[in-house]
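In: Turn this into a structure:
(2 chains)
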Amino acid sequence: MADSDKVKVELKKADPEPKKRYKALVGINYPDPRPGKPEKRANAGDEVNDLPKAAIPGLLDIKAIEEIKK
Amino acid sequence: MPFVHGAKTRLYFNDQHISGYAAGFTTTVNRNLAETTNLLAGGTTSIPGFQEGGMTIDGFMTTQIPLGTNFTDLLRNASVEEHGVLSTAIPGALSVGYPAFITMGDPTKYEFESKVDDAVSVSYEIQGEDGTADWGVLLADGTAITADGEGDSVDASADFSPTTNGGVASLHVTAVGGTSPTATVTIQHSADDSTYTDLVTFTALAGDTTSEFKKVAPGTTVNRYLRATFSDFSGTGASYNIVLAFARR
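Out: Numbers count the residues shown, from 1 in each chain, chains lettered A, B, ... in the order given. Below you'll find the model as predicted:
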């Protein structure tokens, strides 16, 4: 097959769902997903989008964070 | 669980470690019952009434040297303070996770006893604020803290947590080292021992020994795991000997 006959197929990944952003209402220490890294820290008032998914419901329950609505 | 011997008890009083002058302590909490016995009751009946609690410290009188570390001086000075005195008693051992009894309150009595064949002794009573003395856990064991970091976590177990009625915290800073030292002490709590949120933040430490009592408001959730966090260290060779305890209510 000649080069001119080749069809270029690009597989495009679907856009990932944008991560929700949260405002810390109190100071929070949470694990860095990168192995061997020290804990991350969000002070009250900081905006974060990398909190551990499993911790978010509990943090919302005790009003340690609130979701930032666009 | 092992039993504990009284000889391993350690006592802290405001910004002092007083185990070298004290022989022991007693913590008491009483609930008064208001009698409602009536003709139809068929026996004695009552309803819960007021609660009272506090701590008694037993110790020994010493001479006046060195001033400021004399147990009886501490008691005399504390007896005129307006805002009460803070005592934390740790039976068992100075070990994170061990029981700690916290009493913030007002001195109500001290008593000296001198006998011909005995050391002069002193007994000192503190009436606890809120009509109680609190039974909690030790979060920092008095060793010198020299850098930012976290203490070991203490697990209250799923059977007894989370609790939802706040709590009280006691901080005793008994020694400070370094030049222009500063630091911040925080108690954090966690549901999973991984992500921790601030629960109690104490007044920033500086160059002096100190103590502080903090309340977490009734109705506040306190999650299963607790730990001490030390941050904002600055100064040259900063070092703090810190005893920290928290009691759930």
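
In: what ranges do the strands span in the chain?
Out: This is for chain A. A:22-24, A:28-30, A:40-42, A:47-48, A:65-67 (DSSP state E).

In: oops, chain B please
Out: B:10-13, B:16-17, B:22-35, B:46-60, B:85-90, B:99-113, B:121-128, B:134-145, B:149-150, B:154-155, B:167-190, B:196-201, B:210-216, B:225-248.

In: So which of those strands is nearest chain A?
Out: Of all the strands of chain B, it is strand B:196-201 that lies closest to chain A, at 3.9 Å by C-beta to the nearest C-beta. (C-beta placed from N, C-alpha, C; glycine too.)

In: Tally up the residues packed near the residue found closest to A:Leu59 once you drop the neighbours it is linked to in the chain, please.
Out: Once flanking residues are discounted, A:Leu59 sits nearest to A:Ile65: 4.6 Å by C-beta to C-beta, 6 or more residues apart in numbering or on different chains. A:Ile65 has 25 neighbours, counted by other C-beta atoms under 10 Å in any protein chain shown.

In: how about the residues of chain A that lie near chain B?
Out: By the rule C-beta under 8 Å from any C-beta of the partner chain, the part of chain A lying against chain B is A:26-31, A:39, A:44, A:51-52, A:54-55, A:58-59, A:61-62, A:64.

In: now, of the strands of chain A, which is deepest in the fold?
Out: strand A:28-30 (a mean of 23; mean count of other C-beta atoms under 10 Å in any protein chain shown).

In: in chain B, which helix or strand is least confident?
Out: In chain B, the helix or strand scored least confidently by mean pLDDT, DSSP states H and E is helix B:71-78, which has a mean of 59.

In: Run through chain B and note the low-pLDDT ranges.
Out: B:64-83 (pLDDT under 70).

In: what does it put close to chain A?
Out: Counting by C-beta under 8 Å from any C-beta, the residues of chain B near chain A are B:150, B:186, B:188, B:191-192, B:194-198, B:201, B:221, B:223, B:229.

In: most neighbours, which of these?
Out: B:Tyr196 leads these on contacts (other C-beta under 10 Å) with 29 neighbours.

In: For it, name its beta-bridge partners.
Out: Beta-bridge pairing of B:Tyr196 under DSSP bridges involves A:Asn29.

In: Return the residues in contact with it.
Out: A:Ile28, A:Asn29, A:Tyr30, B:Glu150, B:Gln188, B:His189, B:Ser190, B:Tyr225, B:Arg227, B:Thr229 (C-beta atoms under 8 Å, 6 or more residues apart in numbering or on different chains).

In: Dump the residues you listed to JSON lines, plus distance to B:Ala7.
Out: Formatted as JSON lines, those follow (distance: C-beta to C-beta, whole Å):
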{"residue": "A:Ile28", "distance to B:Ala7": "41"}
{"residue": "A:Asn29", "distance to B:Ala7": "37"}
{"residue": "A:Tyr30", "distance to B:Ala7": "42"}
{"residue": "B:Glu150", "distance to B:Ala7": "31"}
{"residue": "B:Gln188", "distance to B:Ala7": "33"}
{"residue": "B:His189", "distance to B:Ala7": "32"}
{"residue": "B:Ser190", "distance to B:Ala7": "34"}
{"residue": "B:Tyr225", "distance to B:Ala7": "30"}
{"residue": "B:Arg227", "distance to B:Ala7": "28"}
{"residue": "B:Thr229", "distance to B:Ala7": "32"}
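
In: Let me know the closest of these to B:Asn32.
Out: Using C-beta to C-beta, B:His189 comes nearest to B:Asn32 of those, at 32.6 Å.

In: what about the closest one, distance to B:Arg249?
Out: 14 Å (C-beta to C-beta, to the nearest Å).

In: Looking at these two, which is more packed in?
Out: The residue with more neighbours, out of B:His189 and B:Arg249, is B:His189; 29 against 19, by other C-beta under 10 Å.

In: where's the closest residue to the more buried one other than its chain neighbours relative to A:Ile65, distance?
Out: Residue nearest to B:His189 in three dimensions, not counting chain neighbours: B:Asn223, with 4.2 Å by C-beta to C-beta, 6+ apart. To A:Ile65, B:Asn223 is 14 Å away according to C-beta to C-beta.
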